[in-house]
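Visitor: kindly return the folded structure for what I paste below:
(2 chains)
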Amino acid sequence: NAGVTQTPKFQVLKTGQSMTLQCAQDMNHNSMYWYRQDPGMGLRLIYYSASEGTTDKGEVPNGYNVSRLNKREFSLRLESAAPSQTSVYFCASSENGIQPQHFGDGTRLSIL
Amino acid sequence: RKEVEQDPGPFNVPEGATVAFNCTYSNSASQSFFWYRQDCRKEPKLLMSVYSSGNEDGRFTAQLNRASQYISLLIRDSKLSDSATYLCVGNTGGFKTIFGAGTRLFVKA
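Guide: Down below sits the predicted model:
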């Protein structure tokens, strides 16, 4: 029972490069989320998808785009990576906006 | 003011101690609350939901005070394995879940 799976687990990019972080859940959850976590800042919501076919901005969406590919998959894209986007990225899913979220084990991204 | 605020700690306690964390929230429309545990360099994991009537799970007790807009987590008989960061979470049901920055706990032998 995988839960929430994120790929890759580690990535190093150069400034200006692009990449897509992948996330898939097998719990048949309706809602999916992308967060970033920086030291001393806690988790900050980047984008969320309340249900298949919808996406909305969270607290820190600038520099990111998302795609809810289907009910299982929610990807996060960095079009032109910047050093300020160096962080740990977590994907999460939940049945709806009130139920607790289940997290993947994160992607550690460094941008040089 | 942050929407969800926690004392960052760290809390350093001996094994067997009782420790309490508080978390305040500013949005009175917040509908659901949770405590998560996060180990170093790992993902947050749900510890327990927080209900208005209070709830208990073994050594852990969570309380919600809507009038004063805070939630609490009490850990009794602390174990070395309880050492972690504890995150409180509130959401309004509108999907914009707000996490506190976390409180670090170190339990010493």
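Visitor: use CA for all of it now, contacts and neighbours both
Guide: Fine.
Visitor: residue in chain A with the shortest distance to chain B?
Guide: Across chain A, no residue is closer to chain B than A:Gly42, which sits at 3.9 Å (Cα to the nearest Cα).
Visitor: what residues are up against the one residue sitting closest to the centre of chain A?
Guide: Within chain A, one residue has its C-alpha closest to the average C-alpha position: by Cα atoms, centre = their mean, that is A:Trp34, at 3.0 Å. Counting by Cα atoms under 8 Å, 6 or more residues apart in numbering or on different chains, A:Trp34 touches A:45-48, A:76, A:89-92.
Visitor: of those residues, which ones also sit close to chain B?
Guide: Filtering these for neighbours of chain B using Cα under 8 Å from any Cα of the partner chain leaves A:45, A:48, A:90.
Visitor: the second one: which element?
Guide: Right, A:Tyr48. Following DSSP states H and E, the helix or strand that holds A:Tyr48 is strand A:42-49.
Visitor: returning to that earlier point: give the contact list for the residue of chain A closest to chain B.
Guide: A:Gly42 makes contacts with B:99-102, as judged by Cα under 8 Å, 6+ apart.
Visitor: recalculate using a threshold of 6 Å.
Guide: B:Ala101 (Cα atoms under 6 Å, 6 or more residues apart in numbering or on different chains).
Visitor: so it bridges to which residues?
Guide: On the basis of DSSP bridges, A:Gly42 is bridged to A:Asp38.
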